[in-house]
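J.: just coords:
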């Protein structure tokens, strides 16, 4: 059975195969069998001395060590962004080409890798093999379960070196870093509006097309994003799963709880680049920034 541990496993296997096959074809055949057997046994004999993370293959440990040393020898010829491994660069290049060669035969949605397509297909088949032992929620792959479990443990292994904010996902940290750098690499082809993350661009594009894929079974209201639908459903159920540990107030969304918590902590993570004034919400910072410009969007009709 193929290891579902990470969506990128096939690409990593291909990279490993090419490297080992070039160095010693016979050793490659034996080593690949040993590596495959560890998928079944769960053995991970290579451990990082810095953070303790374990790997099935020494090659993956060697590549992982670059995350601690900061070594990024692979450079994108288009934007000069650097990566610690060739597979990271390969995936990044797709952001420039837009190539998504793997398509779902059921709904037509396209993906950058066959592994992502395989996980997506389980949405149609309903196959979910990995239950959470804490809350019972079931997932289609162990990687999604692993990420979900951090909600219960509170683990946030990815920290911003600029402001110290921590995240459950490396992608979330990457998107957050762009709030400091101002980088918005994803541009709308229709109106040129730019976004920090591709998911923001995809959702924005639907404002032009009028496409609303997600509908509420209770009231029929439609949405451009699945996340918006999930939040909306809580209006009907009254569910408020996120509680403030200080005052007990409950919220429908985690982001609302985090924003509320800053009232108690006094944290103001959003500084104005012009005058240095700090704010506890990015939206308030955006409004404040207009005081430094001549932009006055609200016009009196009288």
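T.: Received the coordinates, thanks. Every value quoted in this text rests on a predicted model; they were computed, and no experiment measured them.
J.: and for residue 144, the neighbour number?
T.: As a burial measure, residue 144 scores 19 neighbours (other Cβ atoms under 10 Å). The way it works is simple: take the backbone N, C-alpha and C, and place the C-beta from them, glycine included.
J.: over to residue 199?
T.: Residue 199 has 14 neighbours, counted by other Cβ under 10 Å.
J.: contacts only, for it.
T.: Applying Cβ atoms under 8 Å, 6 or more residues apart in numbering to residue 199 gives no contacts.
J.: roughly how far apart are it and residue 40?
T.: Here the criterion is Cβ to Cβ, to the nearest Å. By it, residue 199 lies 35 Å from residue 40.
J.: okay, now the domains of this structure?
T.: Listed by automatic domain parsing, the domain ranges of the chain are 1-71, 186-290.
J.: in CSV: those, plus distance to residue 86.
T.: Putting the domains of the chain into CSV (distance: least, Cβ to Cβ, whole Å) gives the following:
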stretch, distance to residue 86
domain 1-71, 6
domain 186-290, 21
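J.: to residue 155, which of the ones you listed lies closest?
T.: Nearest to residue 155 among these is domain 1-71 (12.6 Å), distances taken as Cβ to Cβ.
J.: so what's the nearest residue to residue 260 once chain neighbours are set aside scoring on pLDDT?
T.: For residue 260, ignoring the flanking residues on the chain, the nearest one in space by Cβ to Cβ, 6 or more residues apart in numbering is residue 244 at 5.9 Å. According to the prediction, residue 244 has pLDDT 91.
J.: could you do residue 81 as well?
T.: Residue 81 is assigned a pLDDT of 80 by the prediction.
J.: and for residue 264?
T.: Looking at residue 264, the pLDDT reads 92.
J.: which of the domains of the chain has the lowest mean pLDDT?
T.: Lowest mean pLDDT of the domains of the chain: domain 1-71, a mean of 65.
J.: picking that back up, of all the domains of the chain, which one is nearest residue 302?
T.: Judged by Cβ to Cβ, the one of the domains of the chain that comes nearest to residue 302 is domain 186-290, at 21.9 Å.
J.: tell me where this structure has helices.
T.: Along the chain, counting by DSSP state H, helices occupy 9-23, 25-41, 58-69, 86-97, 114-125, 142-153, 170-181, 198-209, 226-237, 254-265, 282-289.
J.: let's have the ones you listed in a markdown table, adding distance to residue 276.
T.: What follows is the helices of the chain, written out as a markdown table (distance: least, Cβ to Cβ, whole Å):
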| stretch | distance to residue 276 |
| --- | --- |
| helix 9-23 | 44 |
| helix 25-41 | 52 |
| helix 58-69 | 32 |
| helix 86-97 | 33 |
| helix 114-125 | 42 |
| helix 142-153 | 34 |
| helix 170-181 | 14 |
| helix 198-209 | 27 |
| helix 226-237 | 33 |
| helix 254-265 | 18 |
| helix 282-289 | 11 |
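J.: and residue 189, which of those is closest to it?
T.: helix 198-209 (8.2 Å).
J.: list the buried residues for that closest one?
T.: Buried residues in helix 198-209, counting neighbours by 16 or more other Cβ atoms under 10 Å, are found at 200, 201, 203, 204, 205.
J.: and if you look at stretch 240-259?
T.: Across stretch 240-259, burial judged by 16+ other Cβ under 10 Å covers 242, 251, 252, 257.
J.: equivalent analysis for stretch 223-240, please.
T.: By neighbour count with 16+ other Cβ under 10 Å, stretch 223-240 contains the buried residues 223, 224, 225, 229, 232, 233.
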